[in-house]
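A.B. asks: Predicted model and sequence follow; I will ask about them next.
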Amino acid sequence: MTADSIAQQIIAQAQRRGYDPIPPLATAIQESSLRPGAVGGGGRWIGIYQQDSSYSDRYNAASSIRQFFDRLDAKRRTDGWSADLWLNIFWLQQRPGEPSADAAYANGRKAYLTEIQSKTADAQHYVALYGGTVPAQPTTYYDTDRSNEFAFGGPRNTANIVGICIHDTEGVTSAQADDETDDNVTTYQCTSRTGSYHVMVGVDGERIRQNTDDWATWSTGNKGNDILLHLCSVGSASQTRDEWLAQDKMLRAGATVVRYWADKYNIPLRRVDAAHLPGILGHGDTRVWGGTDHTDPGENFPFDVLIQYAIDLGTQPPVVPPNPDTGGPLMALTDAEQRELLDNTRWIKQQLGPNIWGPDSSLGKNDKGEELTVRDGLAAHIRKADK
């Protein structure tokens, strides 16, 4: 794995989790020169961030990067968080058995902080190359897995999934919430059995998996529990559009979940109501099926922004480059060229293949009852108009 591909992954993780990518990238450059096999401390420190033996799979670049940011996220949720990201990383990188972070800083370890900051120019070089083109797409669609805590609901067939349903928590607005609200609501739902979702997203961008996709949640009180995936954001249906848009970190985190599900279950990234699935709808849209009077996430929820964020995640080069050991003619292409080929192939399939999005997009059928392709459908309409 090249230094460039590792830099791309670090930038992508930083963007997704809401961090300035320069400090974590500079730290990796200082620690390992972006080499996953780097070894220091007599073999005690290994990998991109020179992690100790308590970290699993330290030689794996993606795993090493993910664990580094997981630790950074954990620190962000504690009282030890500093407004200076450099200091947070400095304290994070203290080695077990060394003096405490504060003591080390006071006794001269400031030199280490200076060392990682000296790599700022190198980090800026990578961000200039990849900062605008690396997708904020995670290696998985959740940060915390609490699905083993939800003992209510039941199994379901994922072949029946046709859409993604957006909810909010109610109770408090997004502005009134804090980084723990999503965890607290999840805990309350576990203990009270008053409802559940598949993923909960907090104002800090944390994504909590409450249930696996093959589990029917208690989300809508109707058939939506069987045929939809349920994503809940911290907030209230009473919020204005501007209040929702102020939670950009939460919206972008939610978009990564939407994109993951859309790709996995072939769900079109479009706003629909219950009558026009497949697509993305709100809890309030499911009232037509009965069993609920909820209106969340409210008429002002920015579905357009959420969906556009999810769409944008698919227009970028992939974070993880293909494995060169697999060989084949595609390996002669760059990452960007492979992505372009894939995107163009999918577009051609959608445009020329049979209608798969429902009757609203049909251009007619031939004598055999088969859906017309775009080309044949347009030709038929032109002939009709000429007559």
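C.D. replies: Nice, thanks for sending it over.

A.B. asks: CA atoms for contacts and neighbours, from now on please.
C.D. replies: OK.

A.B. asks: can you map out the helices along the stretch 151-300 of the chain?
C.D. replies: Assigned by DSSP state H, counting those that start in this stretch, the stretch 151-300 of the chain shows helices spanning 181-192, 224-227, 241-245, 248-265.

A.B. asks: These: which one's closest to residue 144?
C.D. replies: helix 181-192 (9.6 Å; CA to CA).

A.B. asks: which of the residues in that closest one are buried?
C.D. replies: Neighbour counts using 16 or more other CA atoms under 10 Å place 181, 182, 183, 185, 186, 187, 189, 190 of helix 181-192 among the buried residues.

A.B. asks: Closest to residue 257 out of those?
C.D. replies: Of the buried residues of helix 181-192, the one sitting nearest to residue 257 (CA to CA) turns out to be residue 182, at 15.5 Å.

A.B. asks: what's the closest of the helices of the stretch 151-300 of the chain to residue 29?
C.D. replies: Residue 29 lies closest, by CA to CA, to one member of these: helix 248-265, at 26.6 Å.

A.B. asks: what is the rounded mean pLDDT of the closest one?
C.D. replies: Average pLDDT, helix 248-265: 92.

A.B. asks: about what we covered before: can you redo the helices of the stretch 151-300 of the chain as a markdown table with distance to residue 2?
C.D. replies: Below are the helices of the stretch 151-300 of the chain laid out as a markdown table (distance: least, CA to CA, whole Å):
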| stretch | distance to residue 2 |
| --- | --- |
| helix 181-192 | 37 |
| helix 224-227 | 42 |
| helix 241-245 | 37 |
| helix 248-265 | 25 |
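
A.B. asks: And these: which comes nearest residue 11?
C.D. replies: helix 248-265 (15.3 Å).

A.B. asks: Pull the residues that contact the closest one.
C.D. replies: By CA atoms under 8 Å, 6 or more residues apart in numbering, the list of residues contacting helix 248-265 from outside reads 16-18, 136-138, 141-142, 161-162, 164, 201-207, 231, 233, 245, 267-269, 305-307, 309-311, 313-314.

A.B. asks: that older thread, which two of the buried residues of helix 181-192 have the greatest separation?
C.D. replies: Across the buried residues of helix 181-192 (CA to CA), the longest gap, 14.1 Å, separates 181 and 190.

A.B. asks: hmm, back to that, which of the helices of the stretch 151-300 of the chain sits closest to residue 39?
C.D. replies: helix 248-265 (33.7 Å).

A.B. asks: So for the closest one, what gets flagged as buried?
C.D. replies: So, applying 16+ other CA under 10 Å, buried residues of helix 248-265: 248-262.

A.B. asks: what about the stretch 251-387 of the chain, any weak spots by pLDDT?
C.D. replies: Residue ranges of the stretch 251-387 of the chain with pLDDT under 70: 314-339, 349-363, 374-375, 387.

A.B. asks: Just tell me which of the helices of the stretch 151-300 of the chain ends up closest to residue 215.
C.D. replies: Of all the helices of the stretch 151-300 of the chain, helix 224-227 sits nearest to residue 215, with 8.4 Å by CA to CA.

A.B. asks: thinking residue 150 is in contact with residue 215, fair?
C.D. replies: No. Assessed by CA atoms under 8 Å, residue 150 is found out of contact with residue 215, at 10.0 Å.

A.B. asks: just so I have it, where are all the strands in this protein?
C.D. replies: 39-40, 45-46, 144-145, 154-155, 163-168, 199-201, 207-209, 215-216, 228-233, 279-282 (DSSP state E).
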